[in-house]
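Colleague: predicted model and sequence follow; I will ask about them next.
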Amino acid sequence: MAATRSNADPGLFGPDSVTWQAHGDPMMWIAGIRALYVQALHPRAVRGVTQNSDFRRDAWGRLMRTAGFVGTTTYGTTEAAERAGARVRKIHTMLGATDPGTGERYGVDEPALLLWVHCAEIGSYLHVLRRSGYPLTDAHADRYLAEHRHSARLVGLDPEAVPADRSELAAYFDRVRPELAAGAEAHEVDDFLRNPPVPPLLVPARALLWRRVAHLAYDSLPPYAHELYGRPAPPPATVTRRLRATGTLLRAIPARLRWQLPPKHILSAMDRLGPAARPAPYKLGR
């Protein structure tokens, strides 16, 4: 087997990491939508989005910016990842939100809010990948969470304060759960994800494809989230079957074809490090 180029920068994670392999999976798109649903259940966090973002009109742009950040921090050089983190931190320092009930003004860079966004995102990635059949063992899952203390640092968190394994992540969600609620902003996000604005020519595609993806992401939420949103979901076994079927279908698309979608971070990483840097599930067993 060819080795990666020893003189090239592997970035924050590198080809030997769980993150490098897992983030090449196409189910990451569904996991990203699930993360938005989870994040919207924290009233203070979701206000930071609704009061500062034009996500209703720029859905695709927002999605691509998020994908770009994840791709850069996973597959880019160390310098590129650090620059991406610095941009996010700078933007956060300039933004605030107002509690409509109390009039309190607060920054979106509060550590508690950054931690919620991080855990909702990384927890969703891990949940959807495993539940859809991606071969992550418990040990892999713990390694994945520990690795993402790197990405937490990039957005301004103290890595030592970030859950580093499954038990710590579960304890975190148990601790935060009493603070969660599906207020007007959360339902606005829900409505948007189910029916995002698209050009007239794409309306049939929205009905055929997007809504199925959004429904699957919603259905994969934990039961307490369904209760808060007030919309039921199919039985968990049914959701798991659908996630596995979707994962099987998407993974049947040749990786080289999938990776042609912008911003092509994986292909750039392989050009930089050599073909042996190609992400693949079987490499997790090494």
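Modeller: Received, thanks. Numbers count the residues shown, from 1 in each chain.
Colleague: can you list the buried residues in stretch 246-255?
Modeller: 246-247, 250-251 (16 or more other Cβ atoms under 10 Å). Quick note: C-beta positions are derived from backbone N, CA and C, even for glycine.
Colleague: send the alpha carbons of it over as CSV?
Modeller: Only the C-alpha atoms of stretch 246-255 are listed here, as CSV (Å, rounded to 0.1, in the frame of the first residue of the first chain):
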residue,chain,number,x,y,z
THR,A,246,-30.4,5.5,2.9
GLY,A,247,-26.9,4.9,3.9
THR,A,248,-26.6,1.8,1.7
LEU,A,249,-28.0,3.7,-1.3
LEU,A,250,-25.8,6.8,-0.9
ARG,A,251,-22.7,4.7,-0.3
ALA,A,252,-23.3,2.8,-3.5
ILE,A,253,-22.6,6.1,-5.4
PRO,A,254,-18.8,6.0,-6.3
ALA,A,255,-16.9,8.0,-3.8
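Colleague: hmm, back to that, I'd like the buried residues of stretch 246-255 as a markdown table, with pLDDT, distance to A31 and secondary structure appended.
Modeller: As requested, the buried residues of stretch 246-255 are exported to a markdown table (pLDDT from 0 to 100; distance: Cβ to Cβ, whole Å; DSSP: H, G, I helix; E, B strand; the rest coil):
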| residue | pLDDT | distance to A31 | secondary structure |
| --- | --- | --- | --- |
| T246 | 97 | 11 | helix |
| G247 | 97 | 11 | helix |
| L250 | 95 | 12 | helix |
| R251 | 96 | 14 | helix |
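Colleague: tabulate the residues you listed (CSV), appending distance to L209.
Modeller: Output for the buried residues of stretch 246-255, formatted as CSV (distance: Cβ to Cβ, whole Å):
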residue, distance to L209
T246, 11
G247, 16
L250, 12
R251, 17
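Colleague: so which of those would you say is closest to H226?
Modeller: Each of the buried residues of stretch 246-255 was scored against H226 by Cβ to Cβ, and T246 proved nearest at 19.1 Å.
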